[in-house]
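**Student:** Here is my input; please provide its structure:
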Amino acid sequence: MIVVMKASCSEENIEHVLTVLEKHGLTGHPSRGVERTVIGVLGAVGPSGAPGAIGGINPTIGETLESLPCVDSVLRVSKPYKLASREFHPENTTVEVPVACVDGGSVFIGGDAVVMMAGPCTVESEKQLMTTAEAVRKEGAVILRGGAFKPSTSPYGFRGLGEEGLRLLAKARSEFGMAVITEVMTPSDVPMVCEYADILQIGTRNMQNYMLLDEVGRTQKPVVLKRGMSATFEEWLLAAEYVLSQGNRNVILCERGIRTFEKMTRNTMDISAIPLIKQISHLPIISDPSQGTGRRDLVTPMTLASVAAGTDALLIEVHPNPDEALKDGAQSLTLDQFQQLMPQLQAVAGAIGRTVITK
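**Tutor:** Numbers count the residues shown, from 1 in each chain. Here you go, the predicted model:
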């Protein structure tokens, strides 16, 4: 349920509505827009009026709220995902990430500018990471990606350096001023990864790991939630709901390709997800063309297509020598290819009235 407040309402009026909701065992989440405030209501109240009963919100509560002079209208949310829906939160959400190398010391994902996140799929060594970080920062990337813990289809594949990889990422952040995004795989690892990372990444295999989603939801770190390899939009947004419902509003969705019958690419990159998500959700959405295609030769065109479709940021894999990479070398750009990509990215962004944050 959504309570739409009148444009003239005061903070005192909003607090009064929240108090009324609390008395009925409900929780209100105010969203203050440019023109008016709406309050999203969470909690199940049955026909008997007892909190937690099955059957949906008691109609008399809606009537009570509508009778308040500060309330304009009361609407039911039709989506199963409440906090992630645009009905619940009409204004676009922007997620602030501290980045020392840019003017102002922060970037906002979900705003007018596009943000570049780039780096190796997996941290392999200090030399490999530092070489890559220096190169991508020079070309304008402001967030460094790199996996310290890596899920692998085969138990014999390289699974990352663990905490040593996190320490190397922190060293690169200190040297080049970039923020760090890295994957967290288990609930017990969340506190440790939070010590080193600026953004927590939830990979495709963990999109429905609900204990992990709850745990990152208890932090206030930005969370990039990758779409499950076979997930529908509703399943994806319900996964985001887990994080949001724990109090963490800093959720960023990531389209990284889905599994289809096609075998010429590793995944099928669903560019349509970008504009569609922007219609039904207020959350920022970014794209990962490296994972999305699994092919180095397709990363640049899919990057440009993602920008044209409205992506808020890019997550690109770059490696000094992809042919010798321990993980996913076939989808990693060389340093020269990344250098060639950035001017094209800026040109496409400029053509649709956006900019790319580089400093």
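**Student:** Now do the buried residues in stretch 30-42.
**Tutor:** Under the neighbour-count criterion of 16 or more other C-beta atoms under 10 Å, stretch 30-42 has 31, 37-42 buried. C-betas here are computed from N, CA, C, even on glycine.
**Student:** which element is G62 on?
**Tutor:** helix 59-66 (DSSP states H and E).
**Student:** and if you look at L283?
**Tutor:** Going by DSSP H and E, L283 is not in any helix or strand.
**Student:** for it, what are its contacts?
**Tutor:** 84, 93, 110, 240, 251-253, 277 (C-beta atoms under 8 Å, 6 or more residues apart in numbering).
**Student:** and with 6 Å instead?
**Tutor:** 84, 93, 251, 253 (C-beta atoms under 6 Å, 6 or more residues apart in numbering).
**Student:** ok, now G329?
**Tutor:** 322-323.
**Student:** same question, P98
**Tutor:** By C-beta under 6 Å, 6+ apart, the neighbours of P98 are S106.
**Student:** tell me which element the closest residue in space to E195 that isn't next to it in sequence falls in.
**Tutor:** Using C-beta to C-beta, 6 or more residues apart in numbering and skipping the chain neighbours, the partner closest in space to E195 is L166 (7.7 Å). Taking DSSP H and E as the criterion, L166 maps to helix 163-176.
**Student:** ditto for V4
**Tutor:** strand 2-5.
**Student:** Within the sheet, what are the partner strands of that strand, with directions?
**Tutor:** Strand 2-5 pairs in its sheet with strand 37-42 (antiparallel), strand 71-75 (antiparallel), by DSSP bridges.
**Student:** how far off helix 59-66 does the last one point, in degrees?
**Tutor:** What it means is strand 71-75. 150 degrees (axes from the mean of the first three to the mean of the last three C-alpha atoms, to 10 degrees).
**Student:** next helix or strand past strand 71-75?
**Tutor:** With elements assigned by DSSP H and E, the helix or strand that comes after strand 71-75 is strand 95-98.
**Student:** so what strands line up beside that following strand?
**Tutor:** Per DSSP bridges, strand 95-98 is paired in its sheet with strand 106-109 (antiparallel).
**Student:** Give me the buried stretch members for the partner strand, please.
**Tutor:** Buried residues in strand 106-109 (16+ other C-beta under 10 Å): 107-109.
**Student:** which among the residues you listed gets closest to V20?
**Tutor:** Proximity of those to V20 (C-beta to C-beta) peaks at F108, which lies at 33.8 Å.
**Student:** Assess the claim that that closest one and T94 are in contact.
**Tutor:** Yes: the criterion here is C-beta atoms under 6 Å, and F108 meets it with T94 at 4.4 Å.
**Student:** buried stuff in stretch 156-169?
**Tutor:** 158-161, 165-169.
**Student:** Of all pairs in these, which one is the farthest apart?
**Tutor:** Maximum distance among the buried residues of stretch 156-169 (C-beta to C-beta): 17.8 Å, for F158 and R167.
**Student:** mind checking which helix or strand of this protein has the lowest mean pLDDT?
**Tutor:** When each helix and strand of the chain is scored by mean pLDDT, DSSP states H and E, helix 59-66 comes last, with a mean of 80.
**Student:** pull the CA atoms of that helix into CSV?
**Tutor:** As requested, the backbone C-alpha atoms of helix 59-66 are provided in CSV (Å, rounded to 0.1, in the frame of the first residue of the first chain):
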residue,chain,number,x,y,z
PRO,A,59,-9.5,-2.1,4.2
THR,A,60,-10.4,-0.1,7.3
ILE,A,61,-6.8,1.0,7.7
GLY,A,62,-6.9,2.6,4.2
GLU,A,63,-10.1,4.4,5.1
THR,A,64,-8.5,5.6,8.3
LEU,A,65,-5.5,7.0,6.4
GLU,A,66,-7.6,8.6,3.7
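**Student:** can you give me the helices for the stretch 201-350 of the chain?
**Tutor:** 210-217, 233-245, 273-280, 289-293, 296-309, 335-351 (DSSP state H, counting those that start in this stretch).
**Student:** Tell me which of the ones you listed lies nearest to N13.
**Tutor:** So among the helices of the stretch 201-350 of the chain, helix 233-245 is nearest, using C-beta to C-beta, at 25.0 Å.
**Student:** So for the closest one, what gets flagged as buried?
**Tutor:** 233, 236-245.
**Student:** One more: stretch 19-27?
**Tutor:** 20-21, 24, 26.
**Student:** neighbouring contacts of that stretch?
**Tutor:** 28, 41-43, 51, 61.
**Student:** For the buried residues of stretch 19-27, give me JSON lines that also has distance to R218, pLDDT and secondary structure.
**Tutor:** Listed next are the buried residues of stretch 19-27 as JSON lines, based on distance: C-beta to C-beta, whole Å; pLDDT from 0 to 100; DSSP: H, G, I helix; E, B strand; the rest coil:
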{"residue": "V20", "distance to R218": "28", "pLDDT": "90", "secondary structure": "helix"}
{"residue": "L21", "distance to R218": "23", "pLDDT": "89", "secondary structure": "helix"}
{"residue": "H24", "distance to R218": "26", "pLDDT": "86", "secondary structure": "coil"}
{"residue": "L26", "distance to R218": "22", "pLDDT": "88", "secondary structure": "coil"}
